[in-house]
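[1] just coords:
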């Protein structure tokens, strides 16, 4: 618990719904997803249990949103499920998306961390060893 609270140090408010006609998917705590942060490419993260959120983060929650702890830097934000994509399902389409030079290193690390989570859960040996927090 204290590790998560120490690492989750910044916050991002959920952007306005960008897919208003898109049906919301069902996501649960621990799911690895892609989320869209304004000004960034789609970024991998994990749905974080709300009981691990700081009181400051809990005050920022909006209706029908889930808390995402982003891989790479452990920033977080509240997102509507319709603005998220399943990590594994969209991996091949998003892993090599265009990223600015300034964010390229952080993005690569974030993708590697998310891949580690998915691989470990599936019983596969990850190709990297960042050892991200797993909320499952």
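    Perfect, thanks for sending it. The structure presented is a predicted model; accordingly, all values stated were derived computationally and were not measured. Numbering: from 1, shown residues only.
[2] is it true that residue 97 touches residue 40?
    No - with contact defined as CB atoms under 8 Å, residue 97 does not reach residue 40; the gap is 10.4 Å. The way it works is simple: take the backbone N, C-alpha and C, and place the C-beta from them, glycine included.
[3] So for these two, which sits in the more crowded spot?
    residue 40 (16 against 12; other CB atoms under 10 Å).
[4] Spell out the secondary structure type for that one.
    Classification of residue 40 using DSSP: H, G, I helix; E, B strand; the rest coil returns coil.
[5] give the contact list for it.
    Contact analysis of residue 40 by CB atoms under 8 Å, 6 or more residues apart in numbering lists residue 103.
[6] And it, how far from residue 92?
    Residue 40 sits 20 Å away from residue 92, going by CB to CB, to the nearest Å.
[7] cool, residue 128 as well?
    When CB to CB is the yardstick, residue 128 and residue 92 sit 18 Å from each other.
[8] again with residue 65
    The spacing between residue 65 and residue 92, counted by CB to CB, is 27 Å.
[9] Among those two, which residue is more densely surrounded?
    Neighbours were tallied for residue 65 and for residue 92 using other CB under 10 Å; the higher tally belongs to residue 65 (17 against 8).
[10] Run a quick check on that one versus residue 82, I expect a contact.
    No - contact criterion CB under 8 Å: residue 65 and residue 82 do not qualify, at 10.3 Å.
[11] Pull the residues that contact stretch 84-94.
    For stretch 84-94, the surrounding residues in contact (CB under 8 Å, 6+ apart) are 25, 27, 31-35, 41-42, 44, 66, 68, 114-115, 118.
[12] In the protein, where is pLDDT below threshold?
    In the predicted model of the chain, residues 1-24 satisfy pLDDT under 70.
[13] what's the longest helix seen in it packed up against?
    Longest helix in the chain, counting residues (DSSP state H): helix 101-121. For helix 101-121, the helices and strands in contact under the criterion 3 or more CB pairs under 8 Å, 6 or more residues apart in numbering; DSSP states H and E are strand 32-36, strand 42-47, helix 87-94.
[14] can you redo those as a markdown table with distance to residue 76?
    Rendered in a markdown table, the data for those read as follows (distance: least, CB to CB, whole Å):
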| stretch | distance to residue 76 |
| --- | --- |
| strand 32-36 | 10 |
| strand 42-47 | 8 |
| helix 87-94 | 16 |
